[in-house]
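Enquirer: this one's sequence-less:
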Ligand SMILES: O=C(O)CCC(=O)C(=O)O
Ligand SMILES: [Fe+2]
């Protein structure tokens, strides 16, 4: 059990390390195209940038779409337990995850897309330092009528910045469980709530629903959001929603214990021979996974 002093010292060390990283990389960040620079500027200004697979045109997108075409029907047909999906309770209470070992072995492009140079370049410019990927999940959010898991309002806590890139794999309208967020300037502190379980009715009392932003969009919509910066959630869906989520942090995340349980970690060792040096360095705790 870490002592209070131990915790304080490690928080100070983490802060110093973080600041040193920013100074070290200030003049060494990758060059961006004007379009990618715009994404970084929007992220800095709003905490979110919404685009599409077409507009982003990442080189491996055609292969990614091919892979999801094969995987999607499997995830659609998956019962609570099965080959493709990990056990629902073990993974998460509100969604099914594509099996990370199956993905790494048969559809690695799903993981590799999130480690493409252009994606890393954009992220490094936003973070101001090299980043690490802390998780990738293909997921099916279940229309089970319950507001639980990431359908509850929350802010991501793994690090100072937690960018999640989500790709909608089906059209998502107001009934389809869109990503919703409270704009940065209006986002309250957790102290505004009685406890950490924040339902829609709790949020409404603090920020009127009219001020919430809802990210509906067609299949192929890409949401790049720093989920450490504002309250957000997936709206409780009336029909199942299919997405791929990519999550990132700094190389030394503030709360490493929160990064240790992502299901994708089981898939990483199977991609060993496909990864460039930069990609290996951009996977959090890569050496520990081998
Ligand atoms: O379901 C969503 O759109 C949001 C998911 C989320 O907040 C998370 O994965 O932390
Ligand atoms: Fe979140």
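Expert: Perfect, I can see it now. Just so it is clear, the model here is predicted, and its values are computed rather than measured. Numbers count the residues shown, from 1 in each chain. Ligands and ions are numbered 1, 2, ... in the order given.
Enquirer: could you tell me how many residues sit around residue 10?
Expert: Residues within reach of residue 10, counting by other Cβ atoms under 10 Å, total 12. Backbone N, C-alpha and C define where each C-beta goes, glycine included.
Enquirer: if I look at it, how far off is residue 227?
Expert: 24 Å (Cβ to Cβ, to the nearest Å).
Enquirer: pull the distance from the helix ranked longest in the chain to the chain's centre.
Expert: Taking DSSP state H as the criterion, the chain has its longest helix at helix 4-25. Once both centres are worked out by Cα atoms, centre = their mean, to the nearest Å, helix 4-25 turns out to sit 24 Å from its chain's centre.
Enquirer: and the first helix or strand past that helix going along the chain, which residues are buried?
Expert: Next helix or strand after helix 4-25 toward the C-terminus (DSSP states H and E): helix 34-46. Within helix 34-46, the residues scored as buried using 16 or more other Cβ atoms under 10 Å are 36, 39-40, 42-43, 46.
Enquirer: and the next helix-or-strand element following helix 34-46, what other elements does it pack with?
Expert: The helix or strand immediately downstream of helix 34-46 is strand 48-52, counting by DSSP H and E. Packing partners of strand 48-52 (3 or more Cβ pairs under 8 Å, 6 or more residues apart in numbering; DSSP states H and E): helix 34-46, strand 221-226.
Enquirer: what residues does the stretch 101-250 of the chain have near ligand 1?
Expert: Residues of the stretch 101-250 of the chain lying near ligand 1 by Cβ under 6 Å from any ligand atom: 141, 150, 156, 166, 179, 227, 232-234, 245.
Enquirer: need those residues in CSV with secondary structure and distance to residue 261, can you?
Expert: Compiled in CSV, these are given as follows (DSSP: H, G, I helix; E, B strand; the rest coil; distance: Cβ to Cβ, whole Å):
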residue, secondary structure, distance to residue 261
141, strand, 19
150, helix, 14
156, coil, 14
166, strand, 19
179, strand, 22
227, coil, 17
232, strand, 20
233, strand, 20
234, strand, 19
245, strand, 15
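Enquirer: find the closest residue to ligand 2 in the stretch 51-200 of the chain.
Expert: Nearest residue of the stretch 51-200 of the chain to ligand 2: residue 156, at 4.5 Å (Cβ to the ion).
Enquirer: just send the helices and strands packed on strand 48-52 back as JSON lines, with mean pLDDT too.
Expert: As requested, those are arranged in JSON lines below (pLDDT from 0 to 100):
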{"stretch": "helix 34-46", "mean pLDDT": "98"}
{"stretch": "strand 221-226", "mean pLDDT": "98"}
